[in-house]
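Visitor: just the structure for this:
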Amino acid sequence: MGFEKFLFYVFALITLWASGMVITRRNPVHSVLFLVLAFVTSAALWILLEAEFLGIVLVLVYVGAVMVLFLFVVMMLDIDLAALRAGFIRYLPLGAIVTLVMAIEIFLVVGSETFNLSAFPAPDAADSSLNNTRELGLLLYTVYLYPVEIAAVILLVAIVAAIRLTLRRRPENKYIDPARQVLVKKGIDRIRIVKMASEPFEKEDSA
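Guide: Coordinates of the predicted model:
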């Protein structure tokens, strides 16, 4: 086993373990942090596959921006952990059944005679002069232009929804309504300052 294959198995096992921790942790903040670990190890797998640009983008965009947004949303929302734990226990049998069915399907596909890795040989190594970023940019903004635009709109909607979820009016905070401010009448609703004569303050003797 070469060193590259060894790294692949190490990162793959860490990714699977972190993915399992994401859905089994009771604290949502811990789940987000384990999801960050899963993204980092997935980026390492991309780099091993000679897709350096995708690996760096996965770290910068998802770990550096999207997951930070998720973490802030989870921390700002008032999540009832007791209800969350009750829901986890309630749907645990259904999740176990779905997991078992998926595992059986994977073993049936991998163990079948038609699934032979020799029929799908590894592609030849790319030329060292090939620019992954340039080739990916040409594909994104020519062949896949409309899917990229649709994904951008979906992300914009997600950002607006996250802001709307966290923007709540709390009774202990004071807010200003500009629409009511412009309707204020000068002689009725404004504060009236009254001048009063000052009186000298006499200090009482402590004795």
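Visitor: could I get the full set of helices for the protein?
Guide: 3-24, 28-48, 52-57, 67-76, 81-90, 92-111, 132-138, 145-166, 178-181 (DSSP state H).
Visitor: tell me what angle the first one forms with helix 92-111.
Guide: So that's helix 3-24. 160 degrees (axes from the mean of the first three to the mean of the last three CA atoms, to 10 degrees).
Visitor: helix 3-24 packs against which elements?
Guide: Judged by 3 or more CB pairs under 8 Å, 6 or more residues apart in numbering; DSSP states H and E, helix 3-24 is in contact with helix 28-48. (Each C-beta comes from the backbone N, C-alpha and C, glycine too.)
Visitor: returning to that earlier point: and among the helices of the chain, the most buried is which?
Guide: helix 28-48 (a mean of 18; mean count of other CB atoms under 10 Å).
Visitor: output the lowest mean pLDDT helix or strand found in this protein.
Guide: Least confident element among the helices and strands of the chain, by mean pLDDT, DSSP states H and E: helix 81-90 (a mean of 65).
Visitor: wait, which of the helices of the chain is closest to Lys195?
Guide: helix 178-181 (26.2 Å; CB to CB).
Visitor: give the other helices and strands that that closest one contacts.
Guide: Counting by 3+ CB pairs under 8 Å, 6+ apart, helix 178-181 packs on no helix or strand.
Visitor: tell me the mean pLDDT for it?
Guide: What helix 178-181 shows for mean pLDDT is 79.
Visitor: if we look at that helix, which residues are touching it?
Guide: Outside of helix 178-181, no residue comes within contact range by CB atoms under 8 Å, 6 or more residues apart in numbering.
Visitor: as PDB, could you dump the C-alpha coordinates of that helix?
Guide: This file holds the C-alpha atoms of helix 178-181, laid out as PDB (Å, rounded to 0.1, in the frame of the first residue of the first chain):
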ATOM      1  CA  PRO A 178     -40.000  55.600  11.200                       C
ATOM      2  CA  ALA A 179     -43.600  55.400   9.800                       C
ATOM      3  CA  ARG A 180     -45.000  56.600  13.200                       C
ATOM      4  CA  GLN A 181     -42.300  59.200  13.600                       C
END
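Visitor: centre of the chain to it, how far?
Guide: 37 Å (CA atoms, centre = their mean, to the nearest Å).
Visitor: and stretch 59-66, by the same measure?
Guide: The answer for stretch 59-66 is 8 Å, by CA atoms, centre = their mean.
Visitor: now swap in stretch 152-171 and tell me
Guide: 13 Å.
Visitor: and that stretch, average pLDDT?
Guide: 79.
Visitor: likewise for stretch 100-112?
Guide: Stretch 100-112 comes out at a mean pLDDT of 84.
Visitor: could you dump that stretch to PDB, C-alpha only?
Guide: The C-alpha trace of stretch 100-112 is given here as PDB (Å, rounded to 0.1, in the frame of the first residue of the first chain):
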ATOM      1  CA  LEU A 100     -29.900  -0.700   6.800                       C
ATOM      2  CA  VAL A 101     -31.600  -0.600   3.500                       C
ATOM      3  CA  MET A 102     -28.900   1.700   2.000                       C
ATOM      4  CA  ALA A 103     -26.200  -0.600   3.400                       C
ATOM      5  CA  ILE A 104     -27.800  -3.700   1.800                       C
ATOM      6  CA  GLU A 105     -28.100  -1.900  -1.500                       C
ATOM      7  CA  ILE A 106     -24.400  -0.900  -1.400                       C
ATOM      8  CA  PHE A 107     -23.300  -4.400  -0.600                       C
ATOM      9  CA  LEU A 108     -25.500  -5.900  -3.400                       C
ATOM     10  CA  VAL A 109     -24.000  -3.500  -5.900                       C
ATOM     11  CA  VAL A 110     -20.400  -3.900  -4.800                       C
ATOM     12  CA  GLY A 111     -20.700  -7.600  -4.400                       C
ATOM     13  CA  SER A 112     -22.300  -8.200  -7.800                       C
END
